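J.: after the sequence you'll find the predicted model.
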Amino acid sequence: MAKRSKIQKNIWAAIVQHQVDGGVAYRIRRDENGAWFEWKPADLFFEHEDGLGADIAWTESRGDDKYLRVERQRLEEHQLQISQLVFSFEEETVNHEMDIQEYAALYDLVIPEDQTLKADELLCGYLANDETLLHQRGRSGLRNIDVIQEEINWTITRDSIVFEKHGKPKLAIPKALWDSVAKQNQTYYGERFVRNADLEVVSYNENNGAVPQYITWDAKTERSFQHVTRLIEYMMAISKTSPQAAGIKEAKGDSGIALLYLWIQSVIKAESIKDKFDATIKDAIRKCAILENALGGASLPVADPVIEWGDMLPKAESDRDKEESDKYEKGVQSLETTVRNIHPDWSEKAIQDEVNKILEEQAVDSVSPTYTQPPKTTVGGGE
C-alpha cells in the first residue's frame, strides 16, 4: 500500500501544497490491484458540519462539456456509506444532478457503485497548517509575506528606474565649443546639433582650461538596499525560516550542534511539519488496510505503521556515518537500520546482502581472533 501510494515521490508536492494553501487532503482508493491513498488540494475537501461526513469534489471535462464529480462519505450507525455523485455545468454554474450510471455509460467510464462498509471512520482526511479555533481549516504559510514581497519589488524597481535614467555618464563641453560644432554641422547638414563623433578630437582653451569632461552620478542607493535587506529578514521571520538555511547569511559551524543553533528556526518548523505528516500518513495507511480488508477479503492488521524519517538538519556524509556507527556500537540501533540509514538509496535486497556480509565477517573474526603480545617489562633488579 505504501508503494502504490508513492509516498516518497508525492510527499514534497503535498508539503508545498500544505504550506501554500494552508492545508491538504487525502482519500483512500482501491482497484483490482489493492488499496492506496492519494493527496488532494485543500479546496477539493469539504467536511460536513456535523463531523460525520465529507465530500471530495473535482471537475471533469468531456469534450466541450464540464461536470462536477463528488465522492460523498457518511458515517451512519457504525457503517460508512460511500456514494458517487455527478452534476452538469451550465457555463460556470452547477446545473443539476445526473444519474451516475448514465454518466458512466455515456462516456464509457468505470465508476464504483455506492457502497456500505463496516467502519467507524471516514476513508479520507484533512491536514491543516497553523490552524486556530477561528481558522480550523488552517492558514497559509505565506500569509502576510506577499505585502513584504511587493515592497521589495517596488524598492528594487524604483531604484533601477532612477539608476537607468541618471546613472549613465554624460559628456559636458564648454558652451563655446558646443556652438562651434553646432554651427559647423548647420553649415554641412542644415541643422544645429552635436554628436559624440564630432567631439572625438577637439581643441581646448589653454588660458582657462575649458575642456570636455564626463559627469558621473553619485547615487546614494545604500539606504534602499539596507531597507530591502531588512524586509527580507522580516520575511524570513514571518515564514519561520532561518536566514542561514535560505542562504541569505553565512552559515559556519565548528560542529553539528553549532550548525543546529544557526538553523534552529527552520529545523523547528521542519520538525513540526514532519510530525503532522507522520500522523496523517499513518492514518492513511491504516485506512487503506480497513478498505482492503472490507473489499478485498484480506486480514491485514489495522494499526499505524512505523515510518522512518531522515534528519531534518542536513549533514555531511562523514558526520552521518559516524553517528549511525556510534548508535550501532552502543547497542541502541540494529545493524539493518544502520546500513539502511547510511545507504538510503539502496534497495532492500542490497541492504540485506550487506548485513549478511557484515555478520559473516564478524563470525570469522570471532573464530580466528587476533592475539596481541603484551608489552615487555622488567621485573626486579636495580637500576
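T.: Sure, I can see it.

J.: go ahead and confirm residue 344 touches residue 310.
T.: Yes - at 7.0 Å, residue 344 and residue 310 qualify as touching, with contact defined as C-beta atoms under 8 Å. (Each C-beta comes from the backbone N, C-alpha and C, glycine too.)

J.: relative to residue 32, how far out is residue 110?
T.: 11 Å (C-beta to C-beta, to the nearest Å).

J.: pull out the buried positions in the strand or helix carrying residue 38.
T.: For residue 38, the element it lies in under DSSP states H and E is strand 34-41. For strand 34-41, a neighbour-count test (16 or more other C-beta atoms under 10 Å) marks 34, 35, 36, 37, 39, 40 as buried.

J.: one more: stretch 238-247?
T.: 239, 241, 242, 243, 244, 245.

J.: tell me which two of these sit farthest apart.
T.: 239 and 244 (14.1 Å; C-beta to C-beta).

J.: need the three-state assignment for residue 121.
T.: Look at residue 121: counting by DSSP: H, G, I helix; E, B strand; the rest coil, its state is coil.

J.: now do the helices in the stretch 101-250 of the chain.
T.: Under the criterion DSSP state H, counting those that start in this stretch, the stretch 101-250 of the chain carries helices at the ranges 145-166, 175-189, 222-238, 243-246.

J.: make TSV out of those and add mean pLDDT and distance to residue 72.
T.: Below are the helices of the stretch 101-250 of the chain laid out as TSV (pLDDT from 0 to 100; distance: least, C-beta to C-beta, whole Å):
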stretch	mean pLDDT	distance to residue 72
helix 145-166	79	35
helix 175-189	84	83
helix 222-238	76	38
helix 243-246	68	42
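
J.: domain assignment for the chain?
T.: Domain assignment for the chain, taken from automatic domain parsing, gives 1-141+251-298, 145-250, 315-368.

J.: can you show me the strands along the stretch 1-150 of the chain?
T.: Under the criterion DSSP state E, counting those that start in this stretch, the stretch 1-150 of the chain carries strands at the ranges 23-31, 34-41, 45-47, 53-62, 65-76, 79-90, 93-98, 115-117, 124-128.

J.: which strands and helices sit next to the fourth one?
T.: Yep, that's strand 53-62 we're talking about. The contact analysis (3 or more C-beta pairs under 8 Å, 6 or more residues apart in numbering; DSSP states H and E) places strand 53-62 against strand 45-47, strand 65-76, strand 124-128.

J.: hmm, 7 Å instead?
T.: strand 45-47, strand 65-76 (3 or more C-beta pairs under 7 Å, 6 or more residues apart in numbering; DSSP states H and E).

J.: repeat that for the second one.
T.: Under the contact criterion of 3+ C-beta pairs under 7 Å, 6+ apart, the helices and strands touching strand 34-41 comprise helix 7-21, strand 23-31, helix 264-296.

J.: which residues are in contact with that strand?
T.: Residues from elsewhere that reach strand 34-41 (C-beta atoms under 7 Å, 6 or more residues apart in numbering): 1, 4-5, 10, 14, 17, 21, 24-29, 56, 284, 288, 291-292, 296.

J.: repeat that with 8 Å
T.: 1, 4-5, 10, 13-14, 17, 21, 24-30, 56, 58, 284-285, 287-289, 291-292, 295-296 (C-beta atoms under 8 Å, 6 or more residues apart in numbering).

J.: how distant is that strand from the center of its chain?
T.: Remark: strand 34-41 is offset 19 Å from the chain centroid, using C-alpha atoms, centre = their mean, to the nearest Å.

J.: do the same with the first one
T.: Counting by C-alpha atoms, centre = their mean, strand 23-31 is centred 20 Å from the centre of its parent chain.

J.: what lines up beside it in the sheet?
T.: If you go by DSSP bridges, strand 23-31 pairs up with strand 34-41 (antiparallel), strand 124-128 (antiparallel).

J.: can I get the ones you listed in JSON lines including mean pLDDT and distance to residue 318?
T.: What follows is the strands paired with strand 23-31, written out as JSON lines (pLDDT from 0 to 100; distance: least, C-beta to C-beta, whole Å):
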{"stretch": "strand 34-41", "mean pLDDT": "92", "distance to residue 318": "35"}
{"stretch": "strand 124-128", "mean pLDDT": "94", "distance to residue 318": "36"}
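
J.: reformat those as CSV; add distance to residue 159.
T.: Below are these laid out as CSV (distance: least, C-beta to C-beta, whole Å):
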stretch, distance to residue 159
strand 34-41, 38
strand 124-128, 40
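
J.: out of the ones you listed, nearest to residue 335?
T.: It is, among these and with distance given as C-beta to C-beta, strand 34-41, at 31.4 Å.

J.: out of the helices and strands packed on strand 34-41, deepest packed?
T.: Of all those, strand 23-31 carries the top mean neighbour count, a mean of 22, counting by mean count of other C-beta atoms under 10 Å.

J.: keeping just the C-alphas, turn that strand into PDB.
T.: Extracted C-alpha coordinates of strand 23-31, given in PDB (Å, rounded to 0.1, in the frame of the first residue of the first chain):
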ATOM      1  CA  GLY A  23      -3.900  22.600   4.200                       C
ATOM      2  CA  VAL A  24      -4.000  19.400   2.200                       C
ATOM      3  CA  ALA A  25      -6.500  16.500   1.900                       C
ATOM      4  CA  TYR A  26      -6.200  12.800   1.100                       C
ATOM      5  CA  ARG A  27      -8.600  10.000   0.200                       C
ATOM      6  CA  ILE A  28      -8.300   6.200   0.100                       C
ATOM      7  CA  ARG A  29      -8.800   4.400  -3.300                       C
ATOM      8  CA  ARG A  30      -8.900   0.800  -4.400                       C
ATOM      9  CA  ASP A  31      -8.800  -1.200  -7.600                       C
END
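
J.: angle of that strand against strand 53-62?
T.: In terms of direction (axes from the mean of the first three to the mean of the last three C-alpha atoms, to 10 degrees), strand 23-31 departs from strand 53-62 by 70 degrees.

J.: lovely, talk soon.
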